[in-house]
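Undergrad: A predicted structure for the sequence below; I have some questions about it.
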Amino acid sequence: MNTSTLTPFPFGSPPLRDPAWVGRVAWLSVLVVLLWPLTVATEFKPWVLLEADNLRVSAQFISSFWPLAHSSEFLLMVARDTWRTVAMATVGVTLALVIAIPLTLLNTRVLSVSALSGRMARVPFLVRQAVRWLLIVLRSIPELVWALVFVRVVGLGPTAGVLAIALTYGGMLGKVYGEILESSGTQPTETLLRNGSGRLQAFFYGLLPTSAAELTSYTVYRWECAIRSSVVLGFVGAGGLGQQLDNSMKMFNGGEVASMLLVFVALVALADRVSAGLRKALG
Amino acid sequence: MTVATALTTSNPGLSLQLVDLSARHPAARSGAAAALRGVSLRVNAGEQVAIIGPSGAGKTTLLQVLACALPPTEGSYTLDDQHPWQLPRRALQTLRGQLFLAPQVPPLPPRQRVVTSVLAGRLPAMGLWASLRSLFYPGDIPAAFQALERFDLAEKLFERVDRLSGGERQRVGLARGLLAPARLWLIDEPLSALDPTRSRQAIATLVEEAQARQLTLVATLHQVDVALSHFPRVVGMRDGQVAFDLPAAQVSREHLTRLYDQYEHELRGEVLVVSDAPSAAPQPVAMHCR
């Protein structure tokens, strides 16, 4: 291009500042101003951790981790409760699937026949809205609250934990499954519906093969979360490793706490490997 | 030589009629001109029609209307004396089961096997239980094999779709049509990813099968020469309107020059630069962090 054809800058000299600069600084200041009250509300004072007294307490607790508890009686108890924790997480996630899968199928917009040609019809729209709200209610109540409720109904023990995980995780899985399905390639599914297939047929032949790997890895990740969450539920009497961890913490038995934490690390690592393997198999 | 004739021999093609039909694309801006404006067209049962015209002429929109995928904004569309958009939704879905629309981009899930993708053409005629069983063990392997054989793809029967080239995928999409329990085939640009030899072979197979089964076939085509040599009737479209509707033998050089005025490069076939090279390795799975 010939430079002489360019219109000269009206002021005759290059601009001194980037005009976007003011906006950037303004938004950063707004962010800081908004964050400040949040740190006050959460009493966020990290320097407290470094005061001499607190350092001593922390050091004591952490040093008590060694030696790890390893008496055969303790290990047997840990093995039994690990099994119970894994069972609680697995049964909980399985029940969550029983809740989430039908709700996802009802909720997914891609599987709507009326939405194929313009707007979704009224009744299916209302059903989808109702399902969406049901999922919000299910997952907005923390599993801890469900567990406290169920401990009163069915008594202390893993059943309360299983039910709590099932309800909250059903809500989470239903939401995320729907998002995974709608963000995957939907053209195969739409074409099947346009050619006269049923909704479920279109799901099994179009949507599922497109997003099977994502759905599986998310489910395994949720199983991993359920293991962690069963620890917290153990603290309120839902049994399993969490309850033992609670007991050991209350008795300041660092060796036992450390041993059980190692079991959790192993379980999470296992979930990670299983997920990677499944993704490879389905990818 | 014919695949799945048992299903369709007693079931000849659908006839269709458009009267003064206009339609606009759902995603179009409200100010934009409608994609179809006052189109009138009648196709008898068992007829084979090619639709040609420059890009943006409304060919794909017309197929969408014919496939009951897009409701017309004005005018009427009748299929065998039925008004699809006045039917209850369930009846409309049953009617859609008698149509087979093959979009230009083959609608195949990348991780599905070819045999499953082809057999998916039968879904409208299958119950839910049978279709689930067919996922577990393919229901009619011979039928899928024969359909693929018509498009020279028999050896890919148990391959995964994402291991195929673009042209192979397009032919798998067409092979699916051979298994569909359809009375009207609507094929959108079936040759966009095929080389000239494959193009002729694929279109010859489609026309031959449609004639053998007495099906109605409407195909949009970029290749004017293929349309003229394989189809008895050719409809030229431009700016959302029918420019001419003639037996192939009567389409003259002059008709084509006028149809492709200012789009001469498309008439010469220069848009066909899509290669048939094998596609790259399958895409990695995107991880959702939630």
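TA: Looks like it came in fine.
Undergrad: what's residue B:50 sitting at in phi/psi?
TA: phi -110, psi 140 (degrees, to the nearest 10).
Undergrad: quick one, what contacts residue A:106?
TA: Residues near residue A:106 by C-beta atoms under 8 Å, 6 or more residues apart in numbering or on different chains: A:127, A:128, A:131. Every residue, glycine included, has its C-beta placed from N, CA and C.
Undergrad: List buried residues within those.
TA: Among those, the ones that count as buried by 16 or more other C-beta atoms under 10 Å in any protein chain shown are A:128, A:131.
Undergrad: Check what pLDDT the residue of chain B found nearest chain A gets.
TA: Chain B approaches chain A most closely through residue B:97 (2.8 Å), counting by C-beta to the nearest C-beta. Per-residue confidence at residue B:97 stands at 91 (pLDDT).
Undergrad: Double-check it against residue A:194; I have them as touching.
TA: No. Using C-beta atoms under 8 Å, residue B:97 is not in contact with residue A:194; the gap is 10.2 Å.
Undergrad: for the stretch 51-200 of chain B, what spans make up the helices?
TA: Assigned by DSSP state H, counting those that start in this stretch, the stretch 51-200 of chain B shows helices spanning B:59-66, B:89-96, B:114-119, B:128-136, B:141-150, B:166-179, B:196-212.
Undergrad: If you could redo that for the stretch 51-200 of chain A, that was the one I meant.
TA: A:52-63, A:72-107, A:122-140, A:143-154, A:158-183, A:187-194, A:199-202.
Undergrad: how about these in JSON lines, adding mean pLDDT and distance to residue A:222?
TA: What follows is the helices of the stretch 51-200 of chain A, written out as JSON lines (pLDDT from 0 to 100; distance: least, C-beta to C-beta, whole Å):
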{"stretch": "helix A:52-63", "mean pLDDT": "85", "distance to residue A:222": "31"}
{"stretch": "helix A:72-107", "mean pLDDT": "92", "distance to residue A:222": "6"}
{"stretch": "helix A:122-140", "mean pLDDT": "91", "distance to residue A:222": "11"}
{"stretch": "helix A:143-154", "mean pLDDT": "89", "distance to residue A:222": "12"}
{"stretch": "helix A:158-183", "mean pLDDT": "92", "distance to residue A:222": "6"}
{"stretch": "helix A:187-194", "mean pLDDT": "91", "distance to residue A:222": "24"}
{"stretch": "helix A:199-202", "mean pLDDT": "93", "distance to residue A:222": "24"}
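Undergrad: Those helices: which one's closest to residue B:166?
TA: Set against residue B:166 and scored by C-beta to C-beta, these come closest in helix A:187-194, at 14.7 Å.
Undergrad: what packs against that closest one?
TA: When contacts are defined as 3 or more C-beta pairs under 8 Å, 6 or more residues apart in numbering or on different chains; DSSP states H and E, helix A:187-194 sits against helix A:199-202.
Undergrad: Packing partners of the helix it packs on?
TA: Applying 3+ C-beta pairs under 8 Å, 6+ apart, we find helix A:199-202 packed against helix A:187-194, helix B:128-136.
Undergrad: Contacts for the longest one next, please.
TA: What it means is helix B:128-136. Contacts of helix B:128-136 (C-beta under 8 Å, 6+ apart): A:198, A:200, A:201, A:204, A:205, B:116, B:119, B:123, B:126, B:139, B:140.
Undergrad: By neighbours, which of those wins?
TA: Highest neighbour count within the contacts of helix B:128-136, by other C-beta atoms under 10 Å in any protein chain shown: residue B:123, with 28 neighbours.
Undergrad: ok, that residue touching residue A:197?
TA: Yes. Assessed by C-beta under 8 Å, residue B:123 is found in contact with residue A:197 at 4.1 Å.
Undergrad: what is in contact with the two at once?
TA: With C-beta under 8 Å, 6+ apart, residue B:123 and residue A:197 have common neighbours residue A:205.
Undergrad: now the residue of the stretch 51-200 of chain A found nearest chain B: how far from residue B:124?
TA: Chain B sits closest to residue A:196 of the stretch 51-200 of chain A, with a gap of 2.8 Å, by C-beta to the nearest C-beta. Applying C-beta to C-beta, to the nearest Å, the value for residue A:196 to residue B:124 is 4 Å.
Undergrad: Of the two, give the one with the bigger neighbour count.
TA: Between residue A:196 and residue B:124, counting by other C-beta under 10 Å, residue A:196 is the more crowded of the two (26 against 22).
Undergrad: Please, which helix or strand holds residue B:26?
TA: Remark: residue B:26 resides in no helix or strand, with elements defined by DSSP states H and E.
Undergrad: Now it: closest residue in space, sequence neighbours ignored.
TA: residue A:118 (5.9 Å; C-beta to C-beta, 6 or more residues apart in numbering or on different chains).
Undergrad: pLDDT value on the one you found, please?
TA: Confidence for residue A:118, expressed as pLDDT, is 71.
Undergrad: Give the rounded mean pLDDT of stretch B:111-118.
TA: pLDDT averaged over stretch B:111-118 gives 93.
Undergrad: Just the C-alphas of that stretch, formatted as CSV.
TA: Output of stretch B:111-118 as CSV, limited to C-alpha atoms (Å, rounded to 0.1, in the frame of the first residue of the first chain):
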residue,chain,number,x,y,z
ARG,B,111,-16.6,-42.7,17.4
GLN,B,112,-19.4,-44.8,15.9
ARG,B,113,-18.6,-47.8,13.7
VAL,B,114,-19.6,-47.7,10.1
VAL,B,115,-21.9,-50.7,10.4
THR,B,116,-23.9,-49.0,13.2
SER,B,117,-24.0,-45.7,11.3
VAL,B,118,-25.4,-47.4,8.2
